[in-house]
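> sequence-free structure coming up:
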DNA sequence: TTTTATTGTTGTGTAATATGCGACAGTGTA
DNA sequence: TACACTGTCGCATATTACACAACAATAAAA
């Protein structure tokens, strides 16, 4: 027996002062209503109503019970309503996880625009370069750059891509001359993403075929902005995604070279748990981000 | 589906962090537990858990829901526990209805003694001479003097009786002489209970046969104490129950006369609705009152 | 006073559903 | 790689919720 149903039955009977009237109001038979209240009384080991065949009135105990549960059920109803509003309405919280560089430079302005359009949706943006488990950390969406380790338990939604370029400062090119062959990378100073331990090479594409090119790595970092600053100071050639160096390329402070040898584009995607009931604010967020990054390769100017 | 069951299922899964562990704790199968949580999610149109086949973690929404319903269910549990304690324990409220005279003179001291013995039981004593409906006014017990209109919907518990006497003050008897025959009542001034309109006679018993005797009613009242005061002042003969004039008889300020002609004794009884689950404090109260009034006819001294 | 309609309650048959079992694919561990 | 264990789903069955009808009690109407 559903206790909440029984409690609702009890409340309407108390309100109407009659089983028959309550049954009509609730749209079920008198017998069932009677049984529900009887079950409740048996369950509580308490008599809730004084019954005549003609009139029912609350017991002293019943009165106390009623006064206790009415605000309780109201609270429950409010909670659920609030929950559903957060689900179907454009309000609530979205917890986002994204890498540091991309988050600061590109995601933040997009999020600010999003918040302007949907003022009742709050965004909780956590930037970190460590890969976190999107499930156990209760993130609603996680932004990943490059193919993630495909997890079948997660939905992956590609929103845009970033290409990567080999760039150098004008000073550098004046000093060393613009390289024309990839073999020159083995001697020219190169700024490398990741650890030096993981190999001294770049994976490039030339005429749709992949190739691994030896480089002369002089500085490595797991942060692209570090390499960008080094490249701006003319310290070497850097292979960086356009979302980091796009603005510098647009302003001419960094010059792309060896454009026939570009590495694979990196997909930028949002991943999130497959929710049977997806909150509206989430799909709106995903759609908004897809539109915001629509097919510009972060090359500004 | 019982929503409360589903909520409890949800809570244990959230607590244990696993469906299987929660199933073991609740003592039912994983499938059913899964279905209950699924039903709850469908009902709320919300995803509560992020599931891997190996690990479950609360959704952002699920966390909010959990935080909302935990205190709610606690409150419900407390309410029911409190209710049951009031049912099985010696605490709570007893609402009593009794006639004015008897209530003031005899019930009140008994109730005070009762409260001393059961300090956690509160008594709400309403005195009134209008006959009230014991059901619709939420009285737990009603004290009635004389055979009530037997109502099959009510339980009647006789606790004692009161006999009635014809009394007069010594002054009166000195002035008019002590009557020896009931026929004298037709001329001597009589103080009558009830309305004069309802007949100018008393119903008496003589050698186990009922007889109706004509009287000379000079004052009538629906309050016995009024008649008692009049009798004390020597205004006439009064037919009054011993619970009103018992003390005066004991002190000798009122003298019973015509003792061979006594009216029927009046039963004093407690009536209350037939509760399928009778509160312990109620049966204790009834028992206490029965002991308190045990077989003394209110004649003091 | 009798009549009548309505009440709360109880038995009965049926439709709905709650539960356990077994199987499956996925997943962390040895 | 093997293995134990997880969450989920289909299936059979036991349980239960529900409406209908019948009953005695009762308040209002005639």
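Structure's in. What do you need? All of these numbers come straight from a predicted model, not from anything done at the bench. Numbers count the residues shown, from 1 in each chain, chains lettered A, B, ... in the order given.
> show me where pLDDT drops low in the stretch 101-250 of chain A?
A:135-136, A:148-152, A:195-198 (pLDDT under 70).
> And residue A:110, how far from chain B?
For residue A:110, the distance to chain B equals 21 Å [Cβ to the nearest Cβ, to the nearest Å]. C-beta coordinates here come from the backbone N, C-alpha and C atoms, glycine included.
> now residue A:297
Distance from residue A:297 to chain B, by Cβ to the nearest Cβ: 33 Å.
> surely that residue meets residue A:245?
No - judged on Cβ atoms under 8 Å, residue A:297 makes no contact with residue A:245 at a distance of 11.1 Å.
> neighbour count winner among the two?
Using other Cβ atoms under 10 Å in any protein chain shown as the criterion, residue A:297 and residue A:245 rank with residue A:245 on top: 26 against 17.
> Could you identify the helix or strand that succeeds the longest helix along chain A?
Ranked by residue count under DSSP state H, the longest helix found in chain A is helix A:60-88. Note on helix A:60-88: by DSSP states H and E, the next helix or strand toward the C-terminus is strand A:92-98.
> what about residue A:109, which helix or strand?
Applying DSSP H and E, one finds residue A:109 within helix A:108-117.
> In the stretch 101-250 of chain A, what residue lies closest to DNA strand C?
residue A:153 (4.4 Å; Cβ to the nearest atom of the strand).
> got the contact list for that residue?
For residue A:153, the contact set (Cβ atoms under 8 Å, 6 or more residues apart in numbering or on different chains) comprises A:135, A:273-274, B:51-52.
> still on that earlier bit, packing partners of the longest helix of chain A?
Here helix A:60-88 touches helix A:3-16, helix A:280-292, helix B:30-44, helix B:60-88, strand B:92-98, going by 3 or more Cβ pairs under 8 Å, 6 or more residues apart in numbering or on different chains; DSSP states H and E.
> correct me, but residue A:233 touches residue A:168?
No - between residue A:233 and residue A:168 there is no contact under Cβ under 8 Å: 10.8 Å.
> So if I had to pick from these two, which one is more boxed in?
The neighbour comparison of residue A:233 against residue A:168 (other Cβ under 10 Å) goes to residue A:168, with 28 against 11.
> how far away is that one from residue A:6?
Separation of residue A:168 from residue A:6 (Cβ to Cβ, to the nearest Å): 77 Å.
> Can you check what angle separates the helix holding residue A:109 from strand A:92-98?
170 degrees (axes from the mean of the first three to the mean of the last three Cα atoms, to 10 degrees).
> quick one: buried residues of helix A:108-117?
Using 16 or more other Cβ atoms under 10 Å in any protein chain shown as the test for burial, helix A:108-117 gives A:110-111, A:114.
> What's the separation between residue A:145 and residue B:167?
Applying Cβ to Cβ to residue A:145 and residue B:167 gives a distance of 107 Å.
> tell me the strands in the stretch 151-300 of chain A, going along the chain?
Ranges of strands in the stretch 151-300 of chain A, per DSSP state E, counting those that start in this stretch, are A:155-162, A:164-168, A:189-193, A:201-206, A:209-214, A:216-221, A:237-241, A:255-257, A:261-262, A:266-272.
> can I get the ones you listed in JSON lines with distance to residue B:30?
Below are those laid out as JSON lines (distance: least, Cβ to Cβ, whole Å):
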{"stretch": "strand A:155-162", "distance to residue B:30": "25"}
{"stretch": "strand A:164-168", "distance to residue B:30": "48"}
{"stretch": "strand A:189-193", "distance to residue B:30": "46"}
{"stretch": "strand A:201-206", "distance to residue B:30": "46"}
{"stretch": "strand A:209-214", "distance to residue B:30": "47"}
{"stretch": "strand A:216-221", "distance to residue B:30": "48"}
{"stretch": "strand A:237-241", "distance to residue B:30": "46"}
{"stretch": "strand A:255-257", "distance to residue B:30": "57"}
{"stretch": "strand A:261-262", "distance to residue B:30": "52"}
{"stretch": "strand A:266-272", "distance to residue B:30": "26"}
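> Reformat the buried residues of helix A:108-117 as JSON lines; add distance to residue B:62.
JSON lines is the format used below for the buried residues of helix A:108-117 (distance: Cβ to Cβ, whole Å):
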{"residue": "A:110", "distance to residue B:62": "27"}
{"residue": "A:111", "distance to residue B:62": "24"}
{"residue": "A:114", "distance to residue B:62": "24"}
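> which of residue A:145 and residue B:167 has more neighbours?
Each of residue A:145 and residue B:167 has its neighbours counted (other Cβ under 10 Å); residue B:167 has more, 27 against 18.
> Spatially, what comes nearest to that one if we skip its sequence neighbours?
Distance criterion Cβ to Cβ, 6 or more residues apart in numbering or on different chains; nearest residue to residue B:167, sequence neighbours excluded, is residue B:254 at 4.3 Å.
> quick one, what contacts the one you found?
Counting by Cβ under 8 Å, 6+ apart, the residues that residue B:254 touches are B:167-169, B:228, B:231-232, B:245, B:248.
> circling back: buried stuff in the longest helix of chain A?
Result for helix A:60-88 [16+ other Cβ under 10 Å]: buried residues A:60-62, A:64-66, A:68-69, A:76, A:79-80, A:82-83, A:86-87.
> Of those, which is the nearest to residue B:175?
residue A:60 (52.6 Å; Cβ to Cβ).
> In the stretch 201-301 of chain A, what residue comes closest to DNA strand D?
Nearest to DNA strand D in the stretch 201-301 of chain A, going by Cβ to the nearest atom of the strand, is residue A:276, at a distance of 8.5 Å.
> contacting residues for that residue?
B:41-42, B:47.
> Quick check: it vs DNA strand C, distance?
17 Å (Cβ to the nearest atom of the strand, to the nearest Å).
> where's that residue relative to residue B:293, distance?
Residue A:276 is 69 Å from residue B:293, by Cβ to Cβ.
> what's the answer for residue A:248, then?
When distance is defined by Cβ to Cβ, residue A:248 is 103 Å away from residue B:293.
> Residue A:97: how many residues sit nearby?
Residue A:97 sits with 24 neighbouring residues when counted by other Cβ under 10 Å.
> Which residue, other than its chain neighbours, is closest to residue A:180?
residue A:258 (7.6 Å).
> isn't that neighbour right next to residue A:182, touching?
Yes - contact status for residue A:258 versus residue A:182: in contact at 6.4 Å, counting by Cβ under 8 Å.
> Tally up the residues packed near the residue of the stretch 201-301 of chain A found nearest chain B, please.
Chain B sits closest to residue A:275 of the stretch 201-301 of chain A, with a gap of 4.0 Å, by Cβ to the nearest Cβ. Number of residues near residue A:275 (other Cβ under 10 Å) recorded here: 20.
> can you pull the contacts of it?
Counting by Cβ under 8 Å, 6+ apart, residue A:275 has contacts A:282, B:47, B:59.
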